[in-house]
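Asks: Have a look at this prediction, sequence included:
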Amino acid sequence: MTSIDFLADLNVPQQQAVMASEGALMVLAGAGSGKTRVLTRRLARLLHQGEAGLGEILAVTFTNKAALEMRERVADLLNLDEESTRRLWIGTFHGMGARMLRANAEVLGFDPNFTILDTGEQQRLIKRLSEQKGFLDPYWSPKRLAMSIGRWKDDGLGPDDLGETRLKASRDLMRISGFYTDYQDELRRLNAMDFGDLLSNCLKLWDRAPEILLGYQKRFRHLLVDEYQDANKVQYDWMRRLAVGGALCVVGDDDQLIYSWRGARLENILKFEEDFPDARVIRLEQNYRSTGNILKASGGLIDHNKGRKGKTLWTTGAEGALLETYVAEDGEDEARHVTREILRQVAVRPLHDMAVLVRTSSQTRLFEQAFHEFNLPYRVSGGLRFMDRAEIKDAVCYLRLAHSFRDDLACERIINVPSRKLGPKALEEIQAAAVEVGGSWLDGARLVVARGGLGPTALVKLRGFVQLMDEAHAMLEVVHPVEVLDKLLDDSGYMEAVELDERRHDIRENLRELRVFLSQVDDLGGFLERASLESDPPGSERRDDGVSRVVISTLHAAKGLEFPVVFLVGLEEGLLPHKMAVEEGGAAAVEEERRLTYVGMTRAKEKLFLSHARMRRTYQRLEPAMASRFLKEIPAETVKKRETVMTARRGVGIPRPRRPFY
């Protein structure tokens, strides 16, 4: 076997993390400390040196991008072929949970081809169920119900456990518990699961069939967990039960826990050594991203948090420029200041090297307005996902229904797309017929067609729809799904309807991109699962139009990114830290806001600009704004201050570009 130096270019703590074998290991990896390199080298070493086989390591993380990067790096290190790479168990928590559930779905009463609902479909199902059950409440909207049920599942709480929540003192307790039960029953009827089910149902599976859990425990000799600080209760329980059979390695950073509102628990890190008494802790403190001044400033800030394990980032690189703070007259002045600085910086670096980080998405408007005025190309990070585009959802739902006639949510979306002259009464009749036969919406449509109860045009179109789905379902047995997609879009009249849309060019391009994505897979079920779980297909949102753009991003969306120049704006009480954290969350919430600020600061590699305003427009009124407490916690020797340039309010001294930057 070819010799590979897995320790090349690693510092001593990184080498220790790569080489550790037995027992539990926690790697506290500071921002920019090379944790991805450590994870992939460790995983590759275990495989290369025979400590585990291709299918005997389970590596989980939180994003598909991180999982794909890990998979590609390991494959490159070991020169794995495509077949061997597919045998690796590397993915997100939800993706790995779905993989386990599909292999054992019958134990829980599901078919292996169960549908995975995205957030929009979950809310649509809850809305329909609310109407059916007469559960109409201005407070408990479908969106709030979906979010609450998701959070309860993340906390491991079923319908009978809601007495342990804040609902225990509420008269809503029995009502909400009953609706939660109805929702779970409806999911089972639809042969569907939401994201929360993908892990909680694993725990139920293992409780019901302990031999299945034992099989996975024996199989996985090593378990690796990335971004460990973001794990919620169910993810932690899932991980801990699997880890009984092998060595556990978790990699995380308590200083970057910014998702407690998603159920992430700081105690997962703080109490790790209590849960695993033999655990070894290795700190990665050498930073390879930021200058010395940025590290001193961000380190001085995060030192004010009490809930942390403690570490000090350092670098052998240059001290770099001091941070610059700017006190703006108001929000508009702050946006103009950032624009001025970008126009100065663009002489020596491309626009995509610069990012504006905000606490809330509502702050982006002023910067978009200023950039538009001065012809500065920009993009807002975290825009509409490829899979969330209407035409992509339509096409995927056609495929979902052809794959499984029980997929009522898919049927509900596309039964009248394009228009088949099915009004509300016709849809109610189809739904009632489905209830009558105890079947799916498609079964209901068959009964309505057989009875001939609709108007002549609607009846012909509905009959054609049912026939099309039957033909497509049969085709899936003998041809590639791409051919089925072509038939569905053509014979349904969808492509003909696209020609009447003013966005027809973009729609056609997106559908072509979907076709390319689908052509790369052989298994339609696997494709549909990826469509539900993954952010984007290859190339969809990453297509390069050749234009360099400034990035505008919320702090939460910027985690994991890095830029040579960062503008961290809106450092005011009520914004950062956020008003709700200060007023409702207490000290723990303020510490999370400090961690969020720390995350923003450590995105910067070379230059970091901080700003706040004396006045901020709120509900059409200018109100006084107070500088964030976090500014006072940053070591003074790392910062230089600049005051408001009053002439900027009249546009004086701002170089207007003669032509757009593209």
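Replies: Happy to help now that I have it. Numbering: from 1, shown residues only.
Asks: In the chain, which strand is the longest?
Replies: Using DSSP state E to define each element, the chain has its longest strand at strand 604-613.
Asks: could you point out which element follows that strand?
Replies: Counting by DSSP states H and E, the element after strand 604-613 in chain order, helix or strand, is strand 615-618.
Asks: That next one: which residues count as buried?
Replies: For strand 615-618, a neighbour-count test (16 or more other Cβ atoms under 10 Å) marks 615-616 as buried. For every residue, glycine as well, the C-beta is placed using N, CA and C.
Asks: can I get the CA coordinates of the helix or strand just after that strand in PDB?
Replies: Counting by DSSP H and E, the next helix or strand C-terminal to strand 615-618 is strand 621-624. Taking C-alpha atoms only, strand 621-624 is exported to PDB below (Å, rounded to 0.1, in the frame of the first residue of the first chain):
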ATOM      1  CA  ARG A 621     -38.800  57.500  13.000                       C
ATOM      2  CA  LEU A 622     -35.200  58.400  13.800                       C
ATOM      3  CA  GLU A 623     -34.400  57.300  17.300                       C
ATOM      4  CA  PRO A 624     -31.200  57.600  19.400                       C
END
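Asks: Residues contacting strand 621-624, please?
Replies: Strand 621-624 is contacted by residues 330, 614-617 when judged by Cβ atoms under 8 Å, 6 or more residues apart in numbering.
Asks: Give me the number of neighbouring residues for residue 463.
Replies: When neighbours are counted by other Cβ atoms under 10 Å, residue 463 registers 18.
Asks: returning to that earlier point: which among the contacts of strand 621-624 gets closest to residue 598?
Replies: residue 616 (22.8 Å; Cβ to Cβ).
Asks: returning to that earlier point: the longest strand of the chain pairs with which strands, and in what direction?
Replies: Strand pairing for strand 604-613, determined by DSSP bridges: strand 323-328 (parallel), strand 563-568 (parallel).
Asks: Residue 377: which of those strands is closest?
Replies: Closest among the strands paired with strand 604-613, using Cβ to Cβ: strand 563-568, at 15.5 Å.
Asks: which residues touch the closest one?
Replies: The contact list for strand 563-568, computed with Cβ under 8 Å, 6+ apart, reads 338, 341-342, 345, 349, 353-357, 551, 597, 600-601, 603-611.
Asks: Past it, which element shows up next along the chain?
Replies: Scanning onward from strand 563-568 (DSSP H and E), the first element met is helix 579-580.
Asks: Show residues contacting that next one.
Replies: Applying Cβ under 8 Å, 6+ apart, the contact partners of helix 579-580 are residue 589.
Asks: Report the distance from that helix to the chain centre.
Replies: 24 Å (Cα atoms, centre = their mean, to the nearest Å).
Asks: for stretch 621-629, same thing?
Replies: Relative to the centre of its chain, stretch 621-629 is centred 32 Å away, using Cα atoms, centre = their mean.
Asks: Same question for stretch 33-46.
Replies: Relative to the chain's own centre, stretch 33-46 is displaced by 23 Å; criterion: Cα atoms, centre = their mean.
Asks: Repeat that for stretch 178-188.
Replies: 25 Å.
Asks: any idea of the mean pLDDT in it?
Replies: Averaged across stretch 178-188, the pLDDT comes to 94.
Asks: Now do the buried residues in that stretch.
Replies: Across stretch 178-188, burial judged by 16+ other Cβ under 10 Å covers 179-180, 182-184, 186-187.
Asks: Closest one of those to residue 411?
Replies: Looking across those and measuring by Cβ to Cβ, the closest to residue 411 is residue 186, at 14.4 Å.
Asks: is it true that that closest one touches residue 125?
Replies: Yes - using Cβ atoms under 8 Å, residue 186 is in contact with residue 125, at 6.7 Å.
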